[in-house]
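**Student:** Here is my input, please return the structure:
(one chain, ligands or ions: 1)
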Amino acid sequence: MSNQCRPLANFNPSIWGDRFTSTPRDHQQWEAYSNESDVLKSEVRNMLVSAASSKMTEELMLINTIERLGVAYHFQDFIEERLGKVYGNFESDQHQHDLFTTSTYFRIFRQHGYNITSDVFSRFKIEGKFDEAISKDQMGMLSLYEAAQLRTPGEAILDEALAFATSHLSAMAKIDLESGSLSRQIMHALEQPLHKGLSRIEAKHFISFYEEDPSRNELLLKFAKLDFNLVQMLYKQELSQVNRWWADLGFDSKLPQFRSRVVEGYFWAVSILYEPCYAVGRIMFTKVLCALSIADDLYDAYGTMDELDLYTKAIERFDLQSIEGLQGHSKVCYITCLNVLREFDDEIIKKGRYYDVSYLKEVFKANLICYHIEAKWRDINYVPPFEEYFPNALTSSGIWILGVASILGMAHVDTVQACEWALTKPKAILVAEANARILNDIVGFEEEHSRPHVATSIDCYRKEYGVSKEEAVAKLEEMIDNTWKDMNEACLRPAPLPMHFITVFLNFMRVCFVTYKAGDGYTHPEQQLKDEIKFMLLDPVLI
Ligand SMILES: CC(C)=CCC/C(C)=C/CC/C(C)=C/COP(=O)(O)OP(=O)(O)O
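**Tutor:** Now for the predicted structure:
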């Protein structure tokens, strides 16, 4: 391609119109929900406190329900402390429990980083295989399926458990014509395992299942519903704030060829940092994602090679003077990047912290240098071997920069330690990058081949190993499975830093699963992602 040629893509405009632009808060409803929720919250706390002196099964089942209803973040320290205390007892008690209880305990402890042994499932096996008799226990099978999602490398018993539970649940889903809550739960889980789902979305689904559970606790249910709606009101406010920011920048008219995906970006922000306390973090995360997205489009789908060479030089310096050398769209993109970083810095200063945004600058540069390398490969039609392509494609996945933006946005006291950790690209980050990159390359394959675009993992894998497209995809899908196992391992104690930072990268894998499960949801939200976005951000729970 000549240095003057534009590799134009044809992106659809945003599908949201002004749906999220002005969402005035209904103050009366907010007040009423908040007051009732405060009262219920203290009652739920009392329930947790009294469960601490009851049987361990009762206590863990209550913790499980509270977590699945999406309200555990209110009682996080208490729950952590209790799990730490009861963990030791489970190992000695395990032989008394049925499949449902064993699997639920296993999942809860693993979710909290306890390396509970998968040998707890051995007693459900006969002559080396899972006992067919347990397949009649629908709740047990569902619980086993969800537990096995937390498998780590080398846990053959969990690979087997997952295959066993998946095949029996799929068979149940086919023959069970009843539309009861359990059947719905099974169908949902087959499509969307809990561990790979987004906490807000899965909480809302669980609220609807729990509502039909005859043993439900009405108080807990009401608290969860009120809390979901209150948090959603907060999200709507934040989203209208970032939408206004985007509209004020005038991008839809200044850069009409670029993707306008603020709502999708904010959906990612909630997926990574959902707790209400991270409002500023979510807003800044969305702005960083938008700045990255327009940079991606500049390199991939708009800029000529001459423009990209200049742009990359400017990014390497990241200073005001470099604006002068840029023209047109490059200039708009560059100014946006500088402004977003400056605004992020201002937010950090407002919080009185002593660090700055330089960590983010460093990874932003690294990311854009990788975009530049990809553009150069595309320009000369170079398909690198997989081993050359992949390290560059890991960084260009954007997970590193968005991860550092999340860490800065959380604004914890140990942010500097977390940023230093992130800059070394530890395993949790590499694994999340690999997951995102491979998924994105698989779902984007057809579209990216319809225009000049850098080669994808599939092309590079085929080139290096001389295999068919189908064989390459099968291998890459196996690599995706392995990233889940590796991430599960990275989330086990002892962790190199507080777990909430590592969870950020697990959450990236979850949002990639949801965004890419039916195609490229970021580029084409109209196909399926829009329903998930509406479910999470637009439609409240009926009270
Ligand atoms: C790549 C990836 C896993 C992105 C997820 C993170 C994310 C939503 C980043 C914001 C913008 C972006 C680079 C989207 C992917 O575009 P694209 O589909 O055109 O990706 P590509 O240009 O890197 O192929």
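
**Student:** quick one, phi psi at the residue of the chain most remote from its centre?
**Tutor:** The centre of the chain is farthest from one residue, residue 127, which by C-alpha atoms, centre = their mean lies 39.4 Å away. Here the main-chain torsion angles of residue 127 (degrees, to the nearest 10) amount to phi 50, psi 50.

**Student:** what sits against it?
**Tutor:** Contacts for residue 127 (C-beta atoms under 8 Å, 6 or more residues apart in numbering) come out as none. The way it works is simple: take the backbone N, C-alpha and C, and place the C-beta from them, glycine included.

**Student:** going forward, begin numbering at 238 instead of 1
**Tutor:** Understood, numbering begins at 238; the last thing we discussed is residue 364.

**Student:** pLDDT score for it?
**Tutor:** Note on residue 364: pLDDT of 94.

**Student:** do residue 646 as well
**Tutor:** 97.

**Student:** ditto for the one 5 residues further on
**Tutor:** For residue 651, the model assigns a pLDDT of 94.

**Student:** Am I right that it is in contact with residue 736?
**Tutor:** No: look at residue 651 against residue 736 with C-beta atoms under 8 Å: they stay out of range, at 11.7 Å.

**Student:** Report all helices and strands that whichever strand or helix holds residue 577 contacts.
**Tutor:** Residue 577 is part of helix 565-587 when elements are defined by DSSP states H and E. Counting contacts by 3 or more C-beta pairs under 8 Å, 6 or more residues apart in numbering; DSSP states H and E, helix 565-587 is packed against helix 488-491, helix 516-538, helix 542-554, helix 595-616, helix 636-647.

**Student:** Go through this structure and flag its longest helix.
**Tutor:** helix 455-486 (DSSP state H).

**Student:** Counting by contacts, list what that helix packs against.
**Tutor:** helix 264-288, helix 436-447, helix 499-509, helix 516-538.

**Student:** Okay, buried residues for the last one please.
**Tutor:** Counting neighbours by 16 or more other C-beta atoms under 10 Å, one finds that the buried residues in helix 516-538 are 516-538.

**Student:** One more: stretch 391-406?
**Tutor:** Quick answer for stretch 391-406 (16+ other C-beta under 10 Å): 392, 394, 395, 397, 398, 399, 401, 402, 403, 405, 406.

**Student:** closest to residue 250 among these?
**Tutor:** residue 403 (39.3 Å; C-beta to C-beta).

**Student:** ok but that closest one is inside a strand, no?
**Tutor:** No: according to DSSP: H, G, I helix; E, B strand; the rest coil, residue 403 belongs to no strand; its state is helix.

**Student:** From residue 412, how far off is it?
**Tutor:** Distance, residue 403 to residue 412, using C-beta to C-beta, to the nearest Å: 15 Å.

**Student:** Ok, residue 506 next?
**Tutor:** 41 Å.

**Student:** between these two, who's got more neighbours?
**Tutor:** residue 506 (29 against 6; other C-beta atoms under 10 Å).

**Student:** Now find how far off-centre stretch 394-413 is within its chain.
**Tutor:** In terms of C-alpha atoms, centre = their mean, to the nearest Å, the centre of stretch 394-413 is found 25 Å from the chain centre.

**Student:** Likewise for stretch 544-561?
**Tutor:** Distance, centroid of stretch 544-561 to centroid of chain: 32 Å (C-alpha atoms, centre = their mean).

**Student:** Show me which residues of the chain are close to the ligand?
**Tutor:** Listed as neighbours of the ligand in the chain under the rule C-beta under 6 Å from any ligand atom: 505, 526, 529-530, 533, 537, 633-635, 673-674, 677, 681, 757, 759-760.

**Student:** Single out whichever of the residues you listed has the smallest pLDDT.
**Tutor:** Within the residues of the chain next to the ligand, lowest confidence goes to residue 681 (86).

**Student:** Now do the same contact list for that residue.
**Tutor:** If you count contacts by C-beta under 8 Å, 6+ apart, then residue 681 has 693, 757, 760 around it.

**Student:** C-terminal to whichever strand or helix holds it, what's the next element?
**Tutor:** Element membership for residue 681 (DSSP H and E) is helix 664-686. Downstream of helix 664-686, the first helix or strand assigned by DSSP H and E is helix 694-702.

**Student:** so that following helix versus helix 595-616, what angle?
**Tutor:** 70 degrees (axes from the mean of the first three to the mean of the last three C-alpha atoms, to 10 degrees).

**Student:** and the angle from helix 694-702 to helix 664-686?
**Tutor:** 100 degrees.

**Student:** my guess is residue 495 meets residue 537, correct?
**Tutor:** No: Residue 495 is beyond contact range of residue 537, at 10.2 Å (criterion: C-beta under 8 Å).

**Student:** average pLDDT across stretch 762-780?
**Tutor:** 96.

**Student:** meant to ask about stretch 462-481, not that
**Tutor:** 96.

**Student:** list the buried ones in it?
**Tutor:** Quick answer for stretch 462-481 (16+ other C-beta under 10 Å): 462-470, 472-473, 475-480.

**Student:** can you check stretch 552-571 too?
**Tutor:** So stretch 552-571, judged by 16+ other C-beta under 10 Å, has buried residues 552, 555, 559, 563, 566, 567, 568, 569, 570, 571.

**Student:** Contacts only, for the closest residue to residue 397 other than its chain neighbours.
**Tutor:** Excluding its sequence neighbours, the residue lying closest to residue 397 (C-beta to C-beta, 6 or more residues apart in numbering) is residue 367, at 6.6 Å. Contact analysis of residue 367 by C-beta under 8 Å, 6+ apart lists 361, 397, 398, 401.

**Student:** Which single one of the residues you listed is nearest to the ligand?
**Tutor:** residue 398 (29.7 Å; C-beta to the nearest ligand atom).

**Student:** out of everything not next to it in sequence, what's closest to the closest one?
**Tutor:** Residue 398 sits nearest to residue 385 (C-beta to C-beta, 6+ apart), 4.3 Å away.
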